[in-house]
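1. Got a sequence here, can you model it:
(chains A and B)
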Amino acid sequence: GAVVSQHPSRVICKSGTSVKIECRSLDFQATTMFWYRQFPKQSLMLMATSNEGSKATYEQGVEKDKFLINHASLTLSTLTVTSAHPEDSSFYICSALQLWREADTQYFGPGTRLTVL
Amino acid sequence: GNSVTQMEGPVTLSEEAFLTINCTYTATGYPSLFWYVQYPGEGLQLLLKATKADDKGSNKGFEATYRKETTSFHLEKGSVQVSDSAVYFCALRSYNQGGKLIFGQGTELSVKP
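-> Presented below is the predicted three-dimensional model:
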């Protein structure tokens, strides 16, 4: 099956610092990756769509200068939360679309729990 | 716009009970429909999917049928286990929205022994 990993799984940081989260497709190539945010007991909120080699497309209300997304290769996308504040604490989940096969199915990473003190 | 509505949880069942989680959608055209499951502290796992009307997706004893006439994709399982306790998300993918997934609000299932 298609496997997506995220690193780190948990991170605690001080307010004002930046945090980078990696999302990797381990056994397939993904031209498109998505970044979601999930609050406790709520559904997933799409933050942005990331296409390899081009700028990410952000959803309305998501600050692109605060949530920097880079999709440098067909297997790696990164989300950097810049100058993090306590309100950025959340569960961040990425997903990837397979290239060529099952192009309509997103496979999700295990998520990253960010806590900003 | 496109949307997905799920029955509210939490749903609490005894082991071996029959499960139904209702899901209805609003979309133009012919979306693909999905059920994802999220275990505590984890990301989402694809449970099953259907890409056209009357298709039945099935996996691990769960099944759902794409009903275009009722715009529904209800999730069912004949006999639930404690290990099925999780949050279940219904979602659609519509090609006129760049492939984005639209999620329902999620339904928490708790199965008691």
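
2. which parts of chain B sit against chain A?
-> Contact residues, chain B versus chain A (CB under 8 Å from any CB of the partner chain): B:32, B:34, B:36, B:41-46, B:49, B:51, B:89, B:93, B:98-101, B:103-106, B:108. Every C-beta, even on glycine, is put in place using the N, C-alpha and C of the backbone.

3. Pull out the buried members of the residues you listed.
-> For those, a burial check counting by 16 or more other CB atoms under 10 Å in any protein chain shown picks out B:32, B:34, B:36, B:42-46, B:49, B:51, B:89, B:93, B:99-101, B:103-106.

4. Starting from the lowest-mean-pLDDT helix or strand in chain B, tell me which strands it pairs with and how they run.
-> Ranked by mean pLDDT, DSSP states H and E, the weakest helix or strand in chain B is strand B:101-103, scoring a mean of 90. The strands that strand B:101-103 pairs with in its sheet are strand B:86-93 (antiparallel) (by DSSP bridges).

5. Let me see the residues that make contact with the strand it pairs with.
-> Outside strand B:86-93, the residues that touch it by CB atoms under 8 Å, 6 or more residues apart in numbering or on different chains are A:43-44, A:104, A:106, B:2, B:4, B:6, B:9, B:21, B:23, B:25, B:27, B:31-40, B:44, B:47, B:73, B:75, B:99-104, B:106-109.

6. Distance from the chain centre to that strand, please.
-> 5 Å (CA atoms, centre = their mean, to the nearest Å).

7. now swap in stretch A:44-64 and tell me
-> With CA atoms, centre = their mean, you get 9 Å for stretch A:44-64.

8. Next, count neighbours for A:Arg113.
-> Here the count is done by other CB atoms under 10 Å in any protein chain shown, and A:Arg113 has 15 residues near it.

9. buried stuff in stretch A:61-72?
-> Buried residues in stretch A:61-72 (16+ other CB under 10 Å): A:Val62, A:Phe67, A:Leu68, A:Ile69, A:His71.

10. OK, contacts around the residue nearest to the third one when sequence neighbours are not counted?
-> Pointing back at A:Leu68 there. Closest residue in space to A:Leu68, ignoring its immediate chain neighbours: A:Thr80 at 4.2 Å, by CB to CB, 6 or more residues apart in numbering or on different chains. Residues near A:Thr80 by CB under 8 Å, 6+ apart: A:Ser18, A:Val19, A:Lys20, A:Ile21, A:Phe67, A:Leu68, A:Ile69, A:Asn70.
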